[in-house]
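**Student:** A structural model of the following input is requested.
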Amino acid sequence: MKRLLRVLLCLIALATAAALIARALRGLKAPAPLGAPGEEPAPQAEPPPPEAVPAEAPAPDDLTRIRGIGRVYSARLAAAGVARFADLAAAAPAEVAAATGVSEVAGADWIAQAAALTAR
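**Tutor:** Numbers count the residues shown, from 1 in each chain. Now for the predicted structure:
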């Protein structure tokens with residue numbers, strides 16, 4: 001009986017390892033071209049011209065420089081699309097309060113501090 005249990009456990013371990021390897025390999029394979037065998041794949045779309053490529057977004061500001069904003073509130077603001085002092089200065093206190101869970105008074109204070117940092 002013990003021997004049968006050992007064999008079953010080994011088979012389960014091998015099946016699990018095979019499933020994990022198959023999952024990893026599926027992620028690495030390039031997708032096969034569509035169409036019948038021997039048929040030439042459809043031409044790929046040309047990349048957009050350089051002037052149509054959007055410019056890289058500016059680096060986010062360190063919102064933790066504002067008194068009252070730490071890592072958690074900074075992450076909540078970033079999730080709401082506020083990554084720069086100018087973004088925060090342009091926001092409404094109600095929007096800041098809704099995004100972070102703080103009061104509108106605290107949001108208004110952050111907005112004022114962001115506006116002062118933007119003016120520098």
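
**Student:** Going by C-alpha atoms from here, please, whenever you check contacts or count neighbours.
**Tutor:** OK.

**Student:** What are the neighbouring residues in contact with the residue nearest the centre of the chain?
**Tutor:** Most central in the chain under C-alpha atoms, centre = their mean is Ala79, positioned 9.1 Å from the mean C-alpha point. Shown in contact with Ala79 (C-alpha atoms under 8 Å, 6 or more residues apart in numbering): no residues.

**Student:** try it again with 10 Å
**Tutor:** Neighbouring residues of Ala79 by C-alpha atoms under 10 Å, 6 or more residues apart in numbering: Tyr73, Ala99, Thr100.

**Student:** Surely Val105 is in contact with Ala97?
**Tutor:** Yes - taking C-alpha atoms under 10 Å as the definition, Val105 is a contact partner of Ala97 at 8.5 Å.

**Student:** The two: who's more crowded?
**Tutor:** Ala97 (17 against 13; other C-alpha atoms under 10 Å).

**Student:** Torsion angles phi and psi at that one?
**Tutor:** Torsion angles at Ala97 (phi, psi; degrees, to the nearest 10) stand at phi -60, psi -40.

**Student:** Ala80 is in contact with that one, correct?
**Tutor:** No - contact between Ala97 and Ala80 fails when scored by C-alpha under 10 Å: they sit 11.1 Å apart.

**Student:** Pull the number of nearby residues for Arg76.
**Tutor:** With other C-alpha under 10 Å as criterion, Arg76 counts 16.

**Student:** whoops, Ala17 was the one
**Tutor:** 12.

**Student:** what about it, which helix or strand?
**Tutor:** helix 2-28 (DSSP states H and E).

**Student:** With Asp109 instead?
**Tutor:** helix 104-119.
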